[in-house]
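Trainee: Give me coordinates for this.
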Amino acid sequence: MKVTLITARLRFETAGGVGGTEAGAGENGYLQPIRRDPAPKGKAKGKVSLPGTTIAGSLRAHCAAFDAGLGDLFGDTPEQLADKHGKAEAMRRSQKRNDEKPERAMPSAIQVLGTLLHRRGETFSHTRNSSDRKRGAARTHHFHRVEMLETGTEFDVVLRWDNADEELLERFLDVLKQWHPTLGRGVTRGAGRCSLVGWGRVDYDLDSPDGLMAWLNTERRPNPAETPETRSAETYALDVDLSIVDAIHCGTELNSVNGPKHNTLTAFRHGEEFVVPGSTLKGVLRSRAEYICRVLGLLACKDQQCGECRPCLLFGFAGEENARRGRIAVDDAVIEDAQPDFRPHVAIDRFTGGARDQALYEHEVVAAGWFPMRVRWLGTETGAEAAQDARLLHAVVADLDARYVGIGARTTAGFGTVAVRECRSATFEVSELAGVLRDPVIASTEDVNA
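Mentor: Okay, the predicted model is just below:
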């Protein structure tokens, strides 16, 4: 028997990770932890892990997209199983001859033996909330913290293929070299983007004495020393630089940094860099896109669950019976030339009309600077539908530039005003938006990736 082992090394280019199942309420709100191995005896936490099921699903989709003949290497899909079970039931009902047996499920030829943490990355918690569309404020009981792996974390993925056909194996390796997956939760918020930074292959002939001794006495897993292909150029639905006009605050949590009477709402950072989270930008884009659709007389649901309106199809939806990921991903935006500042505030005593005792606090803000807002297609998007979506996103940018809507916290108090500094993606006339969204023929004449 010939055994082929393949190692693929993945590096997280953006923070992310696969979520655990033990989510629950903690001291600082609802916590969604990262996926971990069982904790060793005497330790509170186990090592972070990357499930093999996540890897298998990503590889299956990648192989099927690049080479249709490789899609069956990872076994039957649930849809294929349903078709086979349906055929089997039809055969039983028709009472055909005994030698016509129902089709069986096809197992995966490639085994995902597991993943190994190669370069340990620290975890951090990203505080998030959602907005109530009716009140325009934070939604009650939706404050939560998401644990994520830092950028630069690396995992080695180990694959095994027994008695592989050499021609099919070479085709698979050619496709594997182009594998740059997006893994885990938060994909549409720019999380979990990975790059293949190395791969290796080794063959063992277990029918020969030398091959069997090598299998028993050496490190079986190959070293990922081969260089993969570079990531292909990405297409953007929106690629624009925004300048900060008024101070912007995207917060994390309340920190008592100057004593019990002086609390500071700190700004969100990646390391030492100030960042506008992709979740914040996505929320602004979606809420304003919903507003624009309603103004134009188009369908836009209020609970993000209908799965039929354009905002649901573009940004994704999560209903009680079905759910689907959106067509776009909004990346975190690092603020360049950032000028931080602190803005003090105090609460008012409604009885005395003066300042409330022990209610002094301050916001850490970025008073000036600029940041890129990039919206990536999750896949190859062309044609009328993509052109319509791009026009809708550019209409939101036009409203941002006109100061109709802000980004971040306290926008009703003057925070979060931005202006367009440079736009690198295709621009459209906002006056034509209504006609284009209603008539896909008009949109199909535009090149969305121009």
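Trainee: okay, CA-based contacts and neighbour counts for the rest of this
Mentor: Will do.
Trainee: Flag the shaky bits of this protein, pLDDT-wise.
Mentor: 22-29, 76-105, 133-137, 141, 252-262, 380-382, 427, 439-450 (pLDDT under 70).
Trainee: Quick check: can you list the domain ranges of it?
Mentor: 2-217, 236-441 (automatic domain parsing).
Trainee: Next secondary structure element downstream of the helix or strand encompassing residue 357?
Mentor: Counting by DSSP states H and E, the element that carries residue 357 is strand 355-377. Using DSSP H and E, the helix or strand that follows strand 355-377 in sequence is helix 383-401.
Trainee: Can you point out the buried residues in the helix or strand containing residue 283?
Mentor: Element membership for residue 283 (DSSP H and E) is helix 278-295. For helix 278-295, burial by neighbour count (16 or more other CA atoms under 10 Å) applies to 278-293.
Trainee: Show me which pair in those is furthest apart.
Mentor: Taking CA to CA as the measure, those span a maximum distance of 22.1 Å, between 278 and 293.
Trainee: Where does the residue lying closest to residue 62 once chain neighbours are set aside sit: helix, strand or coil?
Mentor: Leaving aside its sequence neighbours, residue 62 sits nearest to residue 179 (CA to CA, 6 or more residues apart in numbering; 7.0 Å). Following DSSP: H, G, I helix; E, B strand; the rest coil, residue 179 is assigned to coil.
Trainee: quick one: residue 179 from residue 9, how far?
Mentor: Applying CA to CA, to the nearest Å, the value for residue 179 to residue 9 is 11 Å.
Trainee: what's the overlap in contacts for those two?
Mentor: Overlap of the contact sets of residue 179 and residue 9 (by CA atoms under 8 Å, 6 or more residues apart in numbering) consists of residue 196.
Trainee: what about the closest residue in space to residue 323 that isn't next to it in sequence, how many neighbours?
Mentor: Distance criterion CA to CA, 6+ apart; nearest residue to residue 323, sequence neighbours excluded, is residue 317 at 5.5 Å. Neighbours of residue 317 under the rule other CA atoms under 10 Å: 20.
Trainee: thinking again about what came up before, can you list phi and psi of the residue nearest to residue 62 for me?
Mentor: When read as degrees, to the nearest 10, the backbone of residue 179 gives phi -80, psi 110.
Trainee: looking at it, it is touching residue 195, isn't it?
Mentor: Yes. Here residue 179 lies in contact with residue 195, judged by CA atoms under 8 Å, at a distance of 7.4 Å.
Trainee: dump the residue contacts of the residue nearest in space to the middle of the chain.
Mentor: Centroid-nearest residue in the chain: residue 187, 1.1 Å away (criterion: CA atoms, centre = their mean). When contacts are counted by CA under 8 Å, 6+ apart, residue 187 touches 193, 329.
Trainee: what about 10 Å?
Mentor: Residue 187 makes contact with 16-17, 193, 325-326, 328-331, 378, according to CA atoms under 10 Å, 6 or more residues apart in numbering.
Trainee: Which of these fall in strands?
Mentor: If you go by DSSP state E, the contacts of residue 187 have 325, 328-330 in strands.
Trainee: Return a PyMOL selection command for the buried portion of these.
Mentor: Buried residues within the ones in strands among the contacts of residue 187, by 16+ other CA under 10 Å, are selected in PyMOL with:
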select buried, resi 325+328+329+330
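Trainee: Let's see stretch 213-229 as CSV, backbone CA atoms only.
Mentor: The C-alpha coordinates for stretch 213-229 follow below in CSV (Å, rounded to 0.1, in the frame of the first residue of the first chain):
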residue,chain,number,x,y,z
MET,A,213,10.9,1.1,8.3
ALA,A,214,10.8,4.8,7.2
TRP,A,215,7.1,4.9,8.2
LEU,A,216,7.9,3.4,11.6
ASN,A,217,11.2,5.2,12.5
THR,A,218,11.0,8.7,11.0
GLU,A,219,8.9,11.9,11.5
ARG,A,220,6.0,11.0,9.2
ARG,A,221,4.7,14.5,8.7
PRO,A,222,6.5,16.3,5.8
ASN,A,223,8.1,19.7,6.3
PRO,A,224,6.1,22.4,4.5
ALA,A,225,9.1,23.8,2.7
GLU,A,226,7.6,24.2,-0.8
THR,A,227,6.5,27.7,-1.8
PRO,A,228,2.9,28.1,-2.8
GLU,A,229,1.5,30.3,-5.5
